[in-house]
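[1] just need the structure, nothing else, for what follows:
(one chain, ligands or ions: 1)
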Amino acid sequence: MGESIKGLVKAAHYMYSSGLVSGSAGNISMRLSRDEIAITPTGVPLSLVTEENVAIVGMDGSRLIGGNPSSEVYLHLGIYKIRKDIKGIVHTHSPYATAFAFSDKKLKGFEGFNGDFIDEVAYYKPGSLELARECVKKIEKGKVLILKDHGIVCCGSDLQEAVQLAEFIEESAKIQFLAYILNKI
Ligand SMILES: [Zn+2]
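    Residues are numbered from 1 along each chain as shown. I've put the predicted structure just below:
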């Protein structure tokens with residue numbers, strides 16, 4: 001388990017330093033076993049996540065060891081419960097992707113991925129059970145959710161894949177934004 005937690009801490013620091021998250025926004029998790037996940041703590045910037053403050057929680061959301069789990073813990077748990085293939089989840093408010101989530105412009109298809117890949121989730125209060133429930137409904141097949149007026153959720157067969165997807169979505173959103181502006185000039 002120690003190695004897995006180390007990987008999660010590393011991923012948290014990487015995401016902060018690469019600008020995908022800022023302040024104490026964003027949270028990441030990984031499946032440890034059938035009954036447990038590890039998730040970043042609430043109110044702690046991802047740059048300050050340590051092996052000691054990572055929260056280990058049961059599938060019912062009960063804290064087993066570590067800090068207090070992120071307020072989005074039920075969103076993460078809900079996805080792990082219905083998608084056995086998902087082993088890592090990343091939630092960010094990365095600027096370009098989130099700008100799309102706040103606008104009426106849609107992120108277009110991504111090269112190498114089919115249309116099932118991304119789904120949109122209507123606005124529900126961050127950290128609410130309603131938001132968790134809607135995300136679970138929409139993640140049936142895909143790996144990315146655009147949360148209206150909020151941010152994005154990326155899922156992977158491991159945490160590394162989820163992080164890479166978050167980077168990929170952010171980069172794609174940035175390119176689409178720039179292309180849109182260039183076309184206007
Ligand atoms: Zn959020």
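
[2] all contacts plus neighbour counts: C-alpha atoms, from now on.
    Fine.

[3] so who does the closest residue to residue 149 other than its chain neighbours touch?
    The shortest distance from residue 149 to any non-neighbouring residue, by C-alpha to C-alpha, 6 or more residues apart in numbering, is to residue 102 (4.4 Å). Applying C-alpha atoms under 8 Å, 6 or more residues apart in numbering to residue 102 gives the contacts 148, 149, 150.

[4] give me the subset of those lying in helices.
    Using DSSP state H, the subset of the contacts of residue 102 located in helices is empty.

[5] out of the residues you listed, who's the most crowded?
    residue 150 (21 neighbours; other C-alpha atoms under 10 Å).

[6] re earlier: any chance of the contacts of residue 102 in CSV, with distance to residue 64 too?
    Below are the contacts of residue 102 laid out as CSV (distance: C-alpha to C-alpha, whole Å):
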residue, distance to residue 64
148, 32
149, 32
150, 29
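
[7] now the residue nearest to residue 149: phi and psi?
    phi -90, psi -10 (degrees, to the nearest 10).

[8] wasn't residue 13 part of a helix?
    Yes. Assessed with DSSP: H, G, I helix; E, B strand; the rest coil, residue 13 lies in a helix.

[9] where is the longest helix in this structure?
    Per DSSP H, the chain has its longest helix at helix 159-184.

[10] how about residue 157, phi and psi?
    Dihedral angles for residue 157 - degrees, to the nearest 10 - are phi -70, psi -10.

[11] JSON lines please, covering the contacts of residue 102 and showing pLDDT and distance to residue 22.
    Below are the contacts of residue 102 laid out as JSON lines (pLDDT from 0 to 100; distance: C-alpha to C-alpha, whole Å):
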{"residue": "148", "pLDDT": "98", "distance to residue 22": "19"}
{"residue": "149", "pLDDT": "98", "distance to residue 22": "17"}
{"residue": "150", "pLDDT": "98", "distance to residue 22": "14"}
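
[12] from these, which is closest to residue 164?
    Comparing the contacts of residue 102 against residue 164 with C-alpha to C-alpha places residue 150 closest, at 19.9 Å.

[13] any idea how far that closest one lies from residue 53?
    25 Å (C-alpha to C-alpha, to the nearest Å).

[14] I am finished for the moment; much appreciated.
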